[in-house]
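# Turn this into a model:
(2 chains)
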Amino acid sequence: MLPSPGLPSFDYVRPETPQEVARLLFKSNGDARLFMGGTDVFVRMRDGFYAPKILIDVKHLPGMREIAFGKRKGLTIGAAVDMNSLARHPAVAEHYSVLFEALNSVASYQLRTRATMGGNLCNASPAADTAPAALVLEANLVLRGRRGERIVPITGFFTGPGKTVMKRGEFLLRIEIPSLPKGAVGRYLKLGRNAHGDLAIAGVAVLGYPDRKAKSKHRFRIALASVAPTPIRVPEAEEILASSPITPEVIEVAAVAAMETARPIDDVRSSASYRKAMVKNLTRRAIESVLDGLRVE
Amino acid sequence: MSQHEITLKVNGELERAAVPSNMTLLTMLREVLVLTGTKNGCAAGECGACTVLMNGEPVNSCMVLAVEADGAEIVTVEGLTHDGQLDAIQQAFVQLTGVQCGFCTPGMLISARALLDRNPHPGEDEIKEALLGNLCRCTGYTRIVEAVQQAANN
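Sure, this is the predicted structure:
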């Protein structure tokens, strides 16, 4: 028998202001859930994990579907911007290749018509593909609560699988990505059970840029998906690449450091030990690829 | 549960409907408008059998609420034909036998049409990439990819 396309009962609401959204989320105490593309929420409702009494749509609120880019200011992404629209924005392909690659690695084209980077981050799946990109791009998240806005750096956003620092009543308004250091090159490498469209067994984002003050003349930022309770940066590996001239041996040592920082689990997609091995390989390959890009620049 | 009055265009026709909050676009198309060409496969956004165009972009209609389609333009497989003439993509599927059981075909055609609308001359890899959200358990995909290539060339 085919699965039912129906959803459990709820009331769909479209509040007119962010303040009303925050108030509704606060007073409902878990009975209301915010949604944007619904690509996670609807699946979880069908599976019985979520049973919200109210679903709050916020896609129509001011700025939620806007993308803005300025060379100095960087990239601002409304929380409800869909992944295809974001990937199509010229600034994303040109300046934020690590994000471009991460977006295009998510599920299928038609799912990305609805899925949002904002939702991907707020769901806080350890496997979220846009999270490692956000981590190496050092994104800031602008949250709205009952008492106004606050900014949370992505590095302090995730607290566990499905958990973030967002408080009761808070929701994401936009993602702000600073302009990048000059000459920066980024890559996102993802391994799934098949070549395209699967959730990550492991994902590795690497951003590199020239820096005369570093002993290696380069700085790297490295982040991992699907190999720890949250998406993580791996500072040990980053430090190794900054502190001595980059040779194949140094890259290998950094890749091993990334592997050792990872704390994966066994699950339906992979064993923990395979994940560890793949973190090493993907990290090495991503660093090599970024270095190639830096030499061309 | 709240009801919502919505107005939308489906295959060029203006439609009005009163839909409950939890009704999906897929259910509305199939059960309210009786456009049963669009299929329910996985109900999880994985298989693509329910793919329709929403404002020109493909979506899994099992993953869209009917109320969210208020004001939208929807095209289903029934809307691909014009004046009784099959769309070029449909003709190519017929000619090259891109169909076996046919269950995935409506979604496959919509995804292929959307690809050709945004990229009139896709390479083989681009076709495979665009169709990876449409699962087919019969054909092995080869003839589907060939059909999209033929439609692009014509």
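# Up against chain A, what does chain B have?
Proximity of chain B to chain A, by CB under 8 Å from any CB of the partner chain, involves residues B:1-2, B:4, B:20-22, B:24, B:26-27, B:40-45, B:48, B:50-51, B:54, B:57-60, B:62-65, B:67-68, B:111, B:114-115, B:128-130, B:132-134. C-betas here are computed from N, CA, C, even on glycine.
# Next step: these restricted to helices.
In this view, the residues of chain B next to chain A that belong to helices under DSSP state H are B:26-27, B:111, B:114-115, B:128-130.
# How is the chain divided into domains?
All of this refers to chain A. Using automatic domain parsing, the domains assigned to chain A come out as A:11-57, A:67-177, A:185-296.
# should've been chain B
According to automatic domain parsing, the ranges for chain B are B:3-78, B:88-153.
# Just the terminal-to-terminal distance for the longest one.
By that I understand domain B:3-78. End-to-end distance for domain B:3-78, by CA to CA, to the nearest Å: 27 Å.
# how about the strands in chain B?
Using DSSP state E, the strands assigned to chain B run over residues B:3-10, B:13-20, B:51-54, B:57-60, B:73-75.
# my bad, should have said the stretch 51-200 of chain A
Along the stretch 51-200 of chain A, counting by DSSP state E, counting those that start in this stretch, strands occupy A:54-57, A:67-70, A:74-78, A:140-145, A:148-153, A:158-160, A:163-164, A:171-177, A:185-191.
# So for chain B, which of these sits nearest?
strand A:54-57 (7.0 Å; CB to the nearest CB).
# same for the closest one, what does it pack against?
Here strand A:54-57 touches strand A:11-13, helix A:18-28, strand A:32-35, going by 3 or more CB pairs under 8 Å, 6 or more residues apart in numbering or on different chains; DSSP states H and E.
# what does it contact?
A:10-15, A:21, A:24-25, A:28, A:31-35, A:41, B:21, B:68 (CB atoms under 8 Å, 6 or more residues apart in numbering or on different chains).
# Tell me which residue in the stretch 1-150 of chain A sits closest to chain B.
Using CB to the nearest CB, the single residue of the stretch 1-150 of chain A nearest to chain B is residue A:108, 2.3 Å away.
# May I ask which two of the ones in helices among the residues of chain B next to chain A are separated the most?
Distance extremes for these: the farthest pair is B:27 and B:128 at 30.3 Å, using CB to CB.
# between those two, who's got more neighbours?
residue B:27 (22 against 16; other CB atoms under 10 Å in any protein chain shown).
# related to what we said a few turns ago, what's the nearest residue to the residue of the stretch 1-150 of chain A closest to chain B if we skip its chain neighbours?
Distances taken as CB to CB, 6 or more residues apart in numbering or on different chains put residue B:133 closest to residue A:108, at 2.3 Å, once the chain neighbours are dropped.
# can you pull the contacts of that neighbour?
By CB under 8 Å, 6+ apart, the contact set of residue B:133 is A:107-111, A:197, B:46, B:48, B:51, B:60, B:111.
# let's see 6 Å
A:108, A:110, B:48 (CB atoms under 6 Å, 6 or more residues apart in numbering or on different chains).
# Next: residue A:86.
So residue A:86 contacts A:92, A:103 (CB under 6 Å, 6+ apart).
# Find the closest residue to chain A in chain B.
residue B:133 (2.3 Å).
# can I get the CA coordinates of stretch A:148-158 in PDB?
Extracted C-alpha coordinates of stretch A:148-158, given in PDB (Å, rounded to 0.1, in the frame of the first residue of the first chain):
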ATOM      1  CA  GLY A 148      13.500  42.100  19.400                       C
ATOM      2  CA  GLU A 149      16.500  40.800  17.500                       C
ATOM      3  CA  ARG A 150      19.700  39.300  18.500                       C
ATOM      4  CA  ILE A 151      22.700  38.000  16.500                       C
ATOM      5  CA  VAL A 152      24.200  34.600  17.100                       C
ATOM      6  CA  PRO A 153      27.400  33.500  15.400                       C
ATOM      7  CA  ILE A 154      26.900  30.100  13.700                       C
ATOM      8  CA  THR A 155      29.900  28.700  15.700                       C
ATOM      9  CA  GLY A 156      27.700  29.000  18.800                       C
ATOM     10  CA  PHE A 157      24.400  28.100  17.400                       C
ATOM     11  CA  PHE A 158      24.200  24.300  17.400                       C
END
